[in-house]
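Undergrad: Need coordinates for the below:
(one chain, ligands or ions: 2)
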Amino acid sequence: MQNKSLLIRNINKLIGIIDEPSPLKKGRALSLINTIENAFLLIDKGKIHSFGKMKDCPENADKIINADGAIVLPAWIDSHTHIVFPATRELEFIDKIKGLSYEEIAKRGGGILNTAKKMTLADEDYLFDSAMKRIDEIIRLGTGGVEIKSGYGLSFDNEIKMLRVIKRIKEAAPIPVKANFLGAHALPPEYKDSREDYIKLIIDKMLPYIADNELADYIDVFCDKGFFTVEETDTILQAGAKYNLKPKIHANELDTSGGIQVGVKNNAVSVDHLEFTGDKEIESLKNSATVPTLLPSTAFFLRLKYAPARKMIDSGLGVALASDYNPGSSPSGNMQFVISLASIYMKMLPEEAINAATINGAYALELQNTLGSISTGKIANIIITKPLDNIALIPYFFGSNIVDKMIISGKEY
Ligand code: NIG
Ligand code: FE
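TA: Ligands and ions are numbered 1, 2, ... in the order given. Sure, this is the predicted structure:
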């Protein structure tokens, strides 16, 4: 099937077209989305072959889909997830309803450490099977490329176990997957009085093994109040760079920690969360190629303040959106909901939110040459919506699944 052609006809609006390789969409450009009305899209050998007005539509293809009334757009690129995890954390969800904060739960040994405890007992096949179910779930909601982090192992054996599972997912999943090593997600309790020994373990033992076995594409640190300091983050990122692991880090979720600046200093591909972003942070991002990545479903679930997306975009930055799918702070990988939250709470226009979740998400995973837009030669990971008259309806219908069909590498999923 992969080698056959697929023609999508009578598309109401074909959106997210990029003709020439273009830079990250920033500032005003983020609100521009190229559209062809009454369009066709031809896919061949899993890649986008051509597209245009219906009057120029080819007559034949191995398979034809009539997209009457639908919007067709590039699949979401979810550039920040933790979808390999051993168990859900609904008891903490209830604690939060009763008034405890994320940080208070973490201090009591809940949170990341709770998941890490369960990780020690988790079987690799179980981790793989349950994560593959989540991959299937997010594809059906429109996702066509994803990043997955380790970070619930927090010991040599368990971090490597997670990364091996992610490697298996990379091989088995129908969508592109990037692996991010997050050994510095939280300090294991046994290192309470010897933080530097855990950082040494990451640098001297985990990193060389990960590099030798090609287990990660990126390196991450949770640089925030109560987790890892700016200095520790700097040390870990510099160690990662020796193995060609570029940073994509957690920063400024809980405090104005300096995480954004240390990410920029280390040429991070992205800095993610950014609920605490002020003028200095914006200035530092403006002079960099680092993609500021916002995770509004985490702010929603934890009742945090939202990242100041409007101010960032109006200052000329180009943001990406991602789900942060994980059991503690965002037990959802629904990028449609992320886009709705971005519009409703962060005041991003529908066009801005869609660009941030497609082409800019692809930039945040260095996949901008293969995914994230309707462009000749790109992998045909495509959303065909239910009948929709205009793109504002995508964030507007929050909570509904607007996806009618997913096309993954040119095949109906
Ligand atoms: O991105 N902020 C740090 N890490 C995750 C949460 C992980 C968890 O609570 O299990 C996040 O929100
Ligand atoms: Fe995260």
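Undergrad: Not counting sequence-adjacent ones, nearest residue to the spatially most central residue of the chain?
TA: Centre of the chain computed as the mean C-alpha position; nearest residue by CA atoms, centre = their mean is residue 79, 2.1 Å away. Closest residue in space to residue 79, ignoring its immediate chain neighbours: residue 364 at 3.8 Å, by CB to CB, 6 or more residues apart in numbering. Where C-beta positions appear, they are placed from N, C-alpha and C, glycine not excepted.
Undergrad: Same check on residue 256?
TA: Using CB to CB, 6+ apart, the closest residue to residue 256 is residue 276 (4.5 Å).
Undergrad: How about residue 69?
TA: Per CB to CB, 6+ apart, closest to residue 69 is residue 387, 3.2 Å.
Undergrad: got a list of what the one you found touches?
TA: 12, 68-70 (CB atoms under 8 Å, 6 or more residues apart in numbering).
Undergrad: swap in residue 409?
TA: 2, 46, 174, 379-381.
Undergrad: Tell me the predicted confidence for it.
TA: Residue 409 carries a pLDDT value of 98.
Undergrad: can you check residue 93 too?
TA: Reported pLDDT for residue 93: 94.
Undergrad: Doesn't it lie inside a strand?
TA: No. Under DSSP: H, G, I helix; E, B strand; the rest coil, residue 93 sits outside any strand and is assigned helix.
Undergrad: what's the burial count for it?
TA: 14 (other CB atoms under 10 Å).
Undergrad: Report the separation between it and residue 209.
TA: Per CB to CB, to the nearest Å, residue 93 is found 35 Å from residue 209.
Undergrad: Check the secondary structure at the closest residue to ligand 1 within the stretch 201-350 of the chain for me.
TA: Using CB to the nearest ligand atom, residue 328 is the residue of the stretch 201-350 of the chain that sits closest to ligand 1, at 2.3 Å. Using three-state DSSP, the structure places residue 328 in coil.
Undergrad: can you count the residues close to residue 90?
TA: 10.
Undergrad: Just want the phi and psi numbers for it.
TA: With angles defined as degrees, to the nearest 10, residue 90 sits at phi -70, psi -20.
Undergrad: Quick check, pLDDT for residue 308.
TA: In this prediction, residue 308 has a pLDDT value of 98.
Undergrad: go on, residue 257?
TA: 84.
Undergrad: Measure how far the helix or strand of the chain with the lowest mean pLDDT is from the centre of its chain, please.
TA: When each helix and strand of the chain is scored by mean pLDDT, DSSP states H and E, helix 102-107 comes last, with a mean of 83. From the chain centre to the centre of helix 102-107 is a distance of 24 Å (CA atoms, centre = their mean, to the nearest Å).
Undergrad: Straight-line length of stretch 144-162, end to end?
TA: Across stretch 144-162, the terminal residues are separated by 22 Å (CA to CA, to the nearest Å).
Undergrad: List the buried residues for it?
TA: Residues 144-155, 158-162 are the ones in stretch 144-162 that count as buried (16 or more other CB atoms under 10 Å).
Undergrad: now do stretch 43-54
TA: Per 16+ other CB under 10 Å, stretch 43-54 contains these buried residues: 43-44, 46, 48-49, 51.
Undergrad: Which positions in the chain make contact with ligand 1?
TA: 82, 111-112, 115, 222, 250, 253, 298, 324, 326-329 (CB under 6 Å from any ligand atom).
Undergrad: quick one: which of those residues is nearest to residue 167?
TA: Distance to residue 167 across the residues of the chain next to ligand 1 (CB to CB) is lowest for residue 82, with 15.9 Å.
Undergrad: thinking the closest one is in contact with residue 146, fair?
TA: No. Shown here, residue 82 and residue 146 do not form a contact pair, counting by CB atoms under 8 Å, at 11.0 Å.
Undergrad: ok, the nearest residue to residue 250 once chain neighbours are set aside - contacts?
TA: Nearest residue to residue 250 in three dimensions, chain neighbours excluded: residue 222, at 4.4 Å (CB to CB, 6+ apart). By CB under 8 Å, 6+ apart, the contact set of residue 222 is 112, 151, 182, 184-186, 228, 249-250.
Undergrad: hang on, residue 222 in a helix?
TA: No. Per three-state DSSP, residue 222 lies outside any helix segment and is strand.
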